[in-house]
Each structure stands twice: as C-alpha cells, then as structure tokens.
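> take this sequence and fold it.
(chains A and B)
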Number of protein chains: 2
Amino acid sequence: MNTKMIALTAVLMLSHANAQSDSPSLPPRNPTYTTDGRLIFPVDYREWVFLSSGLDMSYMDGMQMGDRHLLDNVFVDPASYHAFLATGKWPDKAMLVKENRRADTRGSINKSGKYQSTEIMGIEIHIKDAAHFPDQWAFFAFGDGLQPAVMIPQTANCYSCHAAHGAVDKTFVQFYPTLLPIAKDKGTLSAAYKHDESAMADKTH
Amino acid sequence: MNTKMIALTAVLMLSHANAQSDSPSLPPRNPTYTTDGRLIFPVDYREWVFLSSGLDMSYMDGMQMGDRHLLDNVFVDPASYHAFLATGKWPDKAMLVKENRRADTRGSINKSGKYQSTEIMGIEIHIKDAAHFPDQWAFFAFGDGLQPAVMIPQTANCYSCHAAHGAVDKTFVQFYPTLLPIAKDKGTLSAAYKHDESAMADKTH
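Residues are numbered from 1 along each chain as shown, chains lettered A, B, ... in the order given. So this is what the prediction gives:
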C-alpha cells in the first residue's frame, strides 16, 4: 500500500467513526421466527449496511468454477454495524445476509471482467441469537420464494470453518475491509485468526 | 434463469417495493460544495444503499489487467434510492459513489476467486444537480485525503459514454440488478440503451 492510499484509508476510518454519531438511530431490527423456529426472511436487507463482495471465493485449493460465476454481497443490520464500529464485536441479534448473484462478463457495453446480473442464486443468513441457539450463532439458507427457513444443522461444515477461521466471533471479518481495521484497533481479533495469520507469515519467510 | 430463480427474484422485487414504505424517512442528503465549487466528500457513504459491485469491468475489448485487480462498489444516497424505487428515475441531487478497492486472491484462508482488500484505489462520485451543472450531471474524483474535488471537465469520456450508453438518465442502471427491473417496469429505460440492446440482439440472431 503506498503512502497516499494509507492516508486515504486512514481518513475514511476516521470519517466512518465520526459518521456514526450523526446517523439517525434506527431501531434494532431483531430476527423473527415462526412458532416452529424457522427464520422469517428480512425483506429489507438491501437497505442494510453493505460489508463487501467477492467473486468465486473458495477456501479449497484447485476449485474450478467452469462457466458459472458468482459475485456475493454481504449486508448487516445497521444497529449491529454501529455496535461493531464502537466495540469491534457483534452484539446479540446481529444478522449478516449473504446474497449470491450470477456474475456475467458480456452484457450491455461490458466486454471483460464481471458484473452482477439480476439472477439471485440463493441467500444465506448468519445470526447471533443467544436465546435461540445453543452455540449463539446459526446459519439459514433461503431459496425459492424466500419462505421461512429451518436452521442448517450444526454438523454442517460452515459452522466448524467459521469457528476455526473467523477473524471475529465466528464471522469472516477478515473479508470485510471497513471492519477489519476496527477489530485490529479494538483488539477483538480471534485467537484462531491470529494463529492462521502467523502460520501464513511463517510460510512466506 | 430457471423457474425457481425467477420466483426468488420476483418475490424480492415485491419485497423491496413493500420495504420502501416501512423505511424510516431519512432527510435527503444534498451534495455540498465549497464556495469555489468543489464537492465536499460525503463521509457517510458506506451507510448509503449499495447498488452493485463488479470486478475489472471494461467497456473496451482486449483489456488486460495484469496482476492488478479491482472490485468496485457503488452506493447511492437513500432518499434518491427510494425515489428511484417509486418512479424508475433519479431525482435532482442524486449522488452515486463508486469506491474502487484492490482485489486479492490469497489472504487468510481464501485460495481462489477475489475478495476486497482494505486498500482503496480512489473514489468517484456522479451527481445530478441541475442548479450547479449545465448538463445536470457531473463527475468528481477523490484521492489522497478526500479533500474537496473539482469537477471533471465535461470533455472527459466518462460524460460521453454515460450519455451514449446509460440505461437511465446517463447512469449505468443496466449494471444495478435491483434497479434495472424497476426501470423496465416503469418504462424509464433510455432510447440509447434500448438501441444498444436491440443491436446486440441482432448480432446474436
């Protein structure tokens, strides 16, 4: 990172911290469930705070995407975003929504690279809700019609991977560029993440 | 697009339309300028509404990115977003912010694809402000320190390209997947865009 870009990033971090106090105080948007425990889809998530997007991200070596590409967008409810800016931690009731979209190359005047199409390939939600889940966090996957979704069983590898590698509290804050500096600053990075980082540093030296 | 995904997209469009009326009515966030006409950077843009992101998008054939990759994120002020949902058009004072970030492949546990790094490679803003600009819209580019920026001269090719190919009112709504269906539905697609689309359809038949 060159000096100019370090300055730009630093100014933005300060700006975000200041902007926080000017924001209207929206009421927390708690997760809601059906009586049999299915999560009701939060229809207004596209007006939540955007954290990041990624193209065809994979945690396995040698992954081949073939002709099908995905860009995913991650959003968080505004109250939890503000709590994270202030503390570097997720409050109870935090909801992160990952929207997967088909990525296209040729469309309109675009010739190379990838843009997001109107086709949604599924939506996943990660929720912290201590009163509802034995291990605090739970995953849900929404498909056709966005009907209330049952919790993904805790034996699924999303749980073990997030616990083993999440930078903050089982979430992949290492891939959320506005939050990672906050977590570093507040000292809330997980032992698991710091272990991964030092193992990587050892490999490259 | 398969039937399930058409259903998912349709449900989301309805959801967005309904969510609109539940949203707190934020005061419009008007662009502000220095006395000599430079645009003051809107520090809270990361809490605005996200429209889309793209990787290394290029409108020229044969573009080579080399080892340097960018993911860009586009945000719009919430009041203009709500106006667009209702009308398929941008109101005066609309502000679109494009944030360019360095995209990385290897970091933490990621092995392939691209994620967004903490390094910002510049920020551009496109503003509709009829009282300030002879042609209604203007571009500004922000760099080091996010100091107030002078308007990019109207002879720059961003102006001519947006005028010649923007799907709605000189903006690239064709790359904003939640807005394109609204513009189609409201009949606000530009003649320029419809001409491009029919020319492309002719080529592929």
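> just checking, next helix/strand downstream of the helix-or-strand element of chain A with minimal mean pLDDT?
One helix or strand of chain A scores below all others by mean pLDDT, DSSP states H and E: helix A:3-22, with a mean of 55. Counting by DSSP states H and E, the next helix or strand C-terminal to helix A:3-22 is strand A:49-58.
> pretty sure A:Glu47 is touching B:Glu47, no?
No - using CB atoms under 8 Å, A:Glu47 is not in contact with B:Glu47; the gap is 10.3 Å. For every residue, glycine as well, the C-beta is placed using N, CA and C.
> the helices in chain A, which residues?
Using DSSP state H, the helices of chain A run over A:3-22, A:78-87, A:157-165, A:180-186, A:191-204.
> give me the buried positions along the second one.
What it means is helix A:78-87. Neighbour counts over helix A:78-87 (16 or more other CB atoms under 10 Å in any protein chain shown) mark A:78-85 as buried.
> next: stretch A:46-54.
By 16+ other CB under 10 Å, the buried positions in stretch A:46-54 come out as A:46-54.
> that stretch vs chain B: in contact?
Yes - legend: contact between stretch A:46-54 and chain B by CB under 8 Å from any CB of the partner chain is shown at A:46-47, A:49-50, A:52-54.
> between which two of those residues is the distance greatest?
Greatest spatial distance in the residues of stretch A:46-54 next to chain B: A:Glu47 and A:Gly54, 21.1 Å, computed using CB to CB.
> and the residues of stretch A:46-54 next to chain B as TSV, adding pLDDT?
Converted to TSV, the residues of stretch A:46-54 next to chain B look like this (pLDDT from 0 to 100):
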residue	pLDDT
A:Arg46	97
A:Glu47	96
A:Val49	98
A:Phe50	98
A:Ser52	97
A:Ser53	97
A:Gly54	95
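> at the geometric centre of chain A, which residue sits there?
Centroid-nearest residue in chain A: A:Val74, 4.6 Å away (criterion: CA atoms, centre = their mean).
> and the longest strand anywhere in chain A, what does it pack against?
In chain A, assigned by DSSP state E, the strand with the most residues is strand A:112-128. The contact analysis (3 or more CB pairs under 8 Å, 6 or more residues apart in numbering or on different chains; DSSP states H and E) places strand A:112-128 against strand A:70-76, strand A:95-104, strand A:137-142, helix B:3-22, strand B:49-58.
> pairing partners for it, with directions?
When pairing is defined by DSSP bridges, strand A:112-128 lines up against strand A:95-104 (antiparallel), strand A:137-142 (antiparallel), strand B:49-58 (antiparallel).
> measure stretch A:159-178 end to end?
Taking CA to CA, to the nearest Å, stretch A:159-178 runs 24 Å from one end to the other.
> just to revisit the earlier point, excluding its backbone neighbours, what's nearest the residue nearest to the centre of chain A?
A:Leu51 (4.4 Å; CB to CB, 6 or more residues apart in numbering or on different chains).
> tell me which residues of stretch A:91-107 come out buried.
For stretch A:91-107, the buried set under the neighbour-count rule, 16+ other CB under 10 Å, comprises A:93-104.
> and that stretch, how far apart are its ends?
Across stretch A:91-107, the terminal residues are separated by 41 Å (CA to CA).
> picking that back up, filtering the buried residues of helix A:78-87 by proximity to chain B, which remain?
A:78, A:81.
> output the buried residues of helix A:78-87 in a markdown table; the columns should cover pLDDT.
Formatted as a markdown table, those follow (pLDDT from 0 to 100):
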| residue | pLDDT |
| --- | --- |
| A:Pro78 | 96 |
| A:Ala79 | 96 |
| A:Ser80 | 97 |
| A:Tyr81 | 97 |
| A:His82 | 97 |
| A:Ala83 | 97 |
| A:Phe84 | 98 |
| A:Leu85 | 97 |
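> is it correct that the residue nearest to A:Val74 is in contact with A:Phe172?
No - A:Leu51 is beyond contact range of A:Phe172, at 9.5 Å (criterion: CB under 8 Å).
> in the buried residues of stretch A:91-107, which has the lowest confidence score?
Within these, A:Asp104 has the lowest pLDDT, namely 89.
> can you tell me how far that one sits from B:Gly37?
Distance of A:Asp104 to B:Gly37, given as CB to CB, to the nearest Å: 39 Å.
> burial check on the residue lying closest to A:Thr118 once chain neighbours are set aside, number of neighbours?
Nearest residue to A:Thr118, sequence neighbours excluded (CB to CB, 6+ apart): B:Pro177, at 4.4 Å. By other CB atoms under 10 Å in any protein chain shown, the residues close to B:Pro177 number 23.
> quick one: low-confidence residue ranges for chain A.
By pLDDT under 70, the low-scoring segments of chain A are A:1-28, A:61-65, A:205.
> wait, what's in contact with the spatially closest residue to A:Asn30 that is not a sequence neighbour?
Residue nearest to A:Asn30 in three dimensions, not counting chain neighbours: A:Lys93, with 5.0 Å by CB to CB, 6+ apart. The contact partners of A:Lys93, taken as CB atoms under 8 Å, 6 or more residues apart in numbering or on different chains, are A:28, A:30-31, A:77, A:79-80, A:127-129.
> how about A:Pro177?
Contact partners of A:Pro177, counting by CB under 8 Å, 6+ apart, are A:52, B:101, B:116-118.
> what do you get for A:Val49?
Residues in contact with A:Val49 (CB under 8 Å, 6+ apart) are A:75-78, A:81, B:46-47.
> among those, pick out the one closest to B:Gly122, please.
B:Gly122 has its nearest neighbour among these in B:Arg46, at 15.3 Å by CB to CB.
> B:Val74 is in contact with that closest one, correct?
No - assessed by CB under 8 Å, B:Arg46 is found out of contact with B:Val74, at 12.0 Å.
> and for A:Tyr193, the neighbour number?
For A:Tyr193, the count of nearby residues is 21 (other CB under 10 Å).
> how about the residue lying closest to it once chain neighbours are set aside, what does it touch?
Distance criterion CB to CB, 6+ apart; nearest residue to A:Tyr193, sequence neighbours excluded, is A:Ala167 at 4.1 Å. Counting by CB under 8 Å, 6+ apart, A:Ala167 touches A:173-174, A:180, A:183, A:189-190, A:193, B:108.
> alright, that wraps it up for me.
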